[in-house]
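>>> attaching a predicted model along with its sequence, questions to come.
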Amino acid sequence: MLIQKEIDLQDKHSFHCPVKTEYWVEYDSIEELQQILREANDFGLPIMPIGGGCNLLFCRDYEGILLHSCIKDWSLLEEDEKSVLLQVGAGLNWDEWVALSIEKGWCGLQNLSGIPGEVGASPVQNIGAYGVEAKDCIESVMVLDRETLACETKLAQDCAFGYRMSRFKQDWKDRHIVCYVNYRLSKDASFCLDYGQLKEEVQKLGEPSLKNVRQAVLTIRNSKLPDPDKLGNAGSFFKNPCIDMAHYQSILNDYPDIPAWPQNDGSVKISAAWMIDRCGWKGYREGDAGVCETQALVLVNHGQASGEDILHLYEKIADSVEEKFRVKLQPEVVVLK
Ligand code: EPU
């Protein structure tokens, strides 16, 4: 267990904004987490679990306790002819876990290669990329109830997973801390290559295989998404908005080439990056806050931008998109104002 006071958060979140936390606490086991919560609940300070800090914008110092999981172990819970069930610690680096699963020949997570952050965030955010979402492989999530301090297993079907959404961000918000995530991965290879230029990128490497799909995804990501260790960012700052069909048709009349993906519920998801790009924001910079040159959805910190600077830029972009396309963009990143 590690307890630190008044800690600089610049290297603990991927935007690298100059902020502090009152307390930074790391735990290595569920028992340690229970002990911390027992004491922290008496303190009456706000508590927030934080993983890699890859989807967070701090607009001010955090006046409370940031709890970071160092539970990084994994184990094989079940195995049959077709699949394996793995229990993976919330504190394990996400891409290390994906690489390990591919090394073992387990299929399911290859399209999610290269996503920054840690395993614990995968069910909360239902992380996704290249046509696959974490929910496609999550069987259940082991959480600790923050009040009762009891461990519970939440089945995937009860988590209401949606596009970058789950109950952990809605009615279960602030109630649980994710300790382990249980993934069901397949022993048979089957590939989802229909997103963007993924198929072509895989073909350049040869036959589809777990390793080739991972490599192709990493190549595409590296060509568009800035490395947060070199240029502060939190991936897509905006969500792709889902709008109703009538609204989509009216936009389509004016902008026939807007990328769109019909959803099962009859709505249409449209590309926020494309709209932001059409409003002329790509590569824009205001002080140290900017818009990525290769992917308009990504806001970047060129050096010493504050959370407020980034938020201000977000608001300007959202306003201009609303004015041009009559669509209100929402942040994908969690903004702590
Ligand atoms: N586009 C533009 N301008 C740009 C970028 C993209 O016009 O600057 C167009 C592209 O031409 C393409 C469309 O927008 O037709 C979609 O672009 P892309 O494939 O890059 O995907 P995205 O919708 O912008 C989403 C996720 C990413 C994920 C990619 C690939 C969200 C909010 N973002 O981006 O996730 O990597 O798809 O699956 O859903 C993240 O969540 O942090 C993230 C990076």
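Perfect, I can see it now.
>>> the residue of the chain found nearest the ligand: what's it in contact with?
Scanning the chain for proximity to the ligand using Cβ to the nearest ligand atom identifies residue 235 as nearest, at 2.4 Å. Every residue, glycine included, has its C-beta placed from N, CA and C. Residue 235 sits next to 54-55, 115-116, 225, 297-298, 332-333 when contact means Cβ atoms under 8 Å, 6 or more residues apart in numbering.
>>> would you verify that it is located in a strand?
Yes. The secondary structure assignment for residue 235 places it in a strand, going by DSSP: H, G, I helix; E, B strand; the rest coil.
>>> so which bits of this structure are right by the ligand?
When proximity is defined as Cβ under 6 Å from any ligand atom, the chain approaches the ligand at 129-130, 195-196, 224-225, 235-236, 239-240, 259, 271, 273-274, 277, 282, 295-297, 332.
>>> buried ones among those residues?
129-130, 225, 235-236, 239-240, 271, 273-274, 277, 282, 295-297, 332 (16 or more other Cβ atoms under 10 Å).
>>> and the two most separated of the residues you listed?
Between any two of those, the greatest separation by Cβ to Cβ is 21.2 Å, found for 130 and 282.
>>> ok, back up a step: of the contacts of residue 235, which belong to strands?
Among the contacts of residue 235, the members found in strands (DSSP state E) are residue 298.
>>> list just the nearest of the contacts of residue 235 to residue 80.
Of all those, the one with the least separation from residue 80 (Cβ to Cβ) is residue 115, at 28.0 Å.
>>> so what does the closest one have for phi and psi?
Residue 115 adopts backbone torsions of phi -70, psi 130, taken as degrees, to the nearest 10.
>>> which pLDDT value belongs to it?
For residue 115, the pLDDT comes out at 98.
>>> over to residue 327?
We note a pLDDT of 97 for residue 327 in this prediction.
>>> mind listing what's buried along the longest helix along the chain?
Across the chain, the helix with the greatest residue count (assigned by DSSP state H) is helix 307-325. Buried residues in helix 307-325, defined by neighbour count with 16+ other Cβ under 10 Å: 307, 309-314, 317-318, 320-321, 324-325.
>>> repeat for stretch 146-166
Under 16+ other Cβ under 10 Å, the buried positions of stretch 146-166 are 146, 154, 156, 159-162, 164-166.
>>> so how far is the first residue of it from its last?
The straight-line separation of the ends of stretch 146-166 (Cα to Cα, to the nearest Å) is 18 Å.
>>> residue 330 touches residue 237, doesn't it?
No. Counting by Cβ atoms under 8 Å, no contact exists between residue 330 and residue 237, whose distance comes to 10.2 Å.
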